[in-house]
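Enquirer: Dropping the sequence and predicted coords here.
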Amino acid sequence: MSVYSNNITLKDLFNNKSIQKKLPLGNYKEQLTYKSLPKNAQLRIIGNQIKDLTASASTKYYNQAKVTRTNRTIVVSGSLKKSYNSAFNGIYNYIKGKAGLISNMIANNEIIRNAFIEDIQNGKSSKLYLRIASVNEIKSMNANRLKALMNDIIDNIKFSDNFPKTQTMIETNLGSNFLIQKQEWMKKVGFR
């Protein structure tokens, strides 16, 4: 059984540039300025995340890599360290390896955004029950552990009483199983 600690907030995770390339998250500061998001916001968030992942992967294959994005096209330029084919395949496989994490972000982006905004509007930072003790641990996580972390974040939003507005949005989707799942989560994390 994993040990959960609760000393990290949503703000610690989503406003931390040092883990920006590890956790595929949207620009939540930008989203706070809009009452409703533009129609293309979700696509832009995903496009920017793939651009960031491309930039991260390209450092292995390019000297002074420069990554730019225009609509759906991402261009990597710089002097190659290896052959073009190995660079292309390496970057492609790196991004493909992050597909599960990106799809997790896509599925839960609205929930995370609403919880983040609710946390700021409440004027307090709610601590999350996570299987990590500090944000620095995220820097060395592999894709499977990052996906598990994202699931832990969503479970905190769903079941802790720190995000009541966001929770009502989720509760209707879970129906009668909600209370059972909430009790199981509270027991699992040692909720107080």
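Expert: Received it, and whenever you're ready, just let me know what you need. Numbering: from 1, shown residues only.
Enquirer: Where does Lys11 fall, secondary structure wise?
Expert: Element membership of Lys11, judged by DSSP states H and E, is helix 10-14.
Enquirer: So what touches that helix?
Expert: For helix 10-14, contacts defined as CB atoms under 8 Å, 6 or more residues apart in numbering pick out 19, 23, 25, 28, 112, 115-116, 119-120, 125-126, 128, 135, 138, 153. Where you see a C-beta, it was placed from the backbone N, CA and C, and this is true even at glycine.
Enquirer: Quick check: buried residues in that helix?
Expert: For helix 10-14, the neighbour count (16 or more other CB atoms under 10 Å) marks 10, 12-14 as buried.
Enquirer: Next: stretch 112-123.
Expert: 112-119.
Enquirer: so how far is Leu101 from the residue lying farthest from the centre of the chain?
Expert: The outermost residue of the chain, judged against the average C-alpha position, is Ser83 (32.2 Å), by CA atoms, centre = their mean. Using CB to CB, to the nearest Å, one gets 28 Å for the distance from Ser83 to Leu101.
Enquirer: Asn136 now?
Expert: In this structure, Asn136 lies at 19 Å from Leu101, with CB to CB as the measure.
Enquirer: Comparing those two, which residue is more hemmed in?
Expert: More neighbours sit around Leu101 than around the other of Asn136 and Leu101, counting by other CB atoms under 10 Å; the figures are 20 against 11.
Enquirer: how distant is the helix or strand containing that one from the center of its chain?
Expert: Leu101 is part of helix 99-122, with elements assigned from DSSP H and E. Averaged C-alpha coordinates place helix 99-122 at 7 Å from its chain's average position (CA atoms, centre = their mean, to the nearest Å).
Enquirer: Before I go, just wanted to say thanks for your time.
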